[in-house]
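Visitor: only the shape, not the letters, is given here:
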């Protein structure tokens with residue numbers, strides 16, 4: 001990791017931490033010896049998977065190589081303008097895709113919470129919920145398509161095979177084909193056409209991304 005990238009990761013890490021709620025003491029990892037863990041001048045805070053790592057740059061580089069790499073991967077995954085970090089409402093894990101409200105672990109629980117809210121909502125609120133759910137699911141599906149495509153790179157036929165095997169892609173395609181999705185879209189969409197459109201778009205985006213590298 002070069003110095004420019006290191007600085008970017010550390011800077012964003014600090015920015016993410018400041019926007020998150022207070023981290024429970026059990027989820028803090030300290031790499032400093034000052035009394036009460038007060039941050040010193042030049043110290044930074046790194047948030048990875050719901051845990052806060054605080055210390056100097058040297059301490060974090062020494063003790064948090066794995067976490068720094070994970071943070072960098074997360075930042076790369078949010079390339080394309082969908083990367084506004086926020087915390088999962090259930091566990092506090094940092095999410096780098098603004099279209100995902102809940103983390104992967106609590107995605108299903110989040111859906112149940114949303115359904116419960118819908119049951120007690122007015123017609124206008126239900127319409128807004130439906131639009132938000134469709135947007136979140138479709139954007140998450142698009143993000144998974146792009147991540148798998150970039151991990152394969154080229155050619156397209158290999159990317160398509162990888163999509164057919166990837167659990168995260170298959171899960172969203174099952175949802176698009178489900179009755180729940182049909183109800184939200186008032187049966188106005190053809191699931192196969194939706195999947196084909198987003199797959200073709202992901203292939204096009206991947207080709208553009210590959211040419212820019």
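Guide: On my side now, so go ahead. Please read all numbers here as calculations on a predicted model, not as lab measurements.

Visitor: let me know the next secondary structure element after whichever helix in the chain runs longest.
Guide: Identified as the longest helix of the chain according to DSSP state H is helix 123-152. Using DSSP states H and E, the helix or strand that follows helix 123-152 in sequence is helix 156-165.

Visitor: quick one: contacts of that following helix?
Guide: With contact meaning Cβ atoms under 8 Å, 6 or more residues apart in numbering, helix 156-165 is reached by 145, 148, 149, 151, 152, 153, 169, 170, 199, 203, 206. Yep, even glycine has a C-beta here, placed from its N, CA and C like the rest.

Visitor: and that helix, what's buried?
Guide: Under the neighbour-count criterion of 16 or more other Cβ atoms under 10 Å, helix 156-165 has 159, 163 buried.

Visitor: what angle do the following helix or strand past that helix and helix 123-152 make?
Guide: Going down the chain from helix 156-165, the next helix or strand is helix 167-176, by DSSP H and E. Inter-element angle recorded for helix 167-176 and helix 123-152: 150 degrees (by axes from the mean of the first three to the mean of the last three Cα atoms, to 10 degrees).

Visitor: output the contacting helices and strands for helix 167-176.
Guide: Other elements packing on helix 167-176 under the criterion 3 or more Cβ pairs under 8 Å, 6 or more residues apart in numbering; DSSP states H and E are helix 123-152, helix 191-212.

Visitor: and that helix, what's buried?
Guide: For helix 167-176, by 16+ other Cβ under 10 Å, it's 169, 172, 173, 175, 176.

Visitor: tell me how this protein divides into domains.
Guide: 3-95, 121-212 (automatic domain parsing).

Visitor: least confident of those domains, on average?
Guide: Of all those, the minimum mean pLDDT falls on domain 3-95 (a mean of 57).

Visitor: is it possible to get JSON lines of the helices and strands packed on helix 167-176 that adds mean neighbour count and distance to residue 113?
Guide: Shown next, in JSON lines, are the helices and strands packed on helix 167-176 (neighbours: other Cβ atoms under 10 Å; distance: least, Cβ to Cβ, whole Å):
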{"stretch": "helix 123-152", "mean neighbour count": "16", "distance to residue 113": "11"}
{"stretch": "helix 191-212", "mean neighbour count": "14", "distance to residue 113": "25"}
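
Visitor: using a markdown table, lay out those together with distance to residue 64.
Guide: Shown next, in a markdown table, are the helices and strands packed on helix 167-176 (distance: least, Cβ to Cβ, whole Å):
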| stretch | distance to residue 64 |
| --- | --- |
| helix 123-152 | 24 |
| helix 191-212 | 29 |
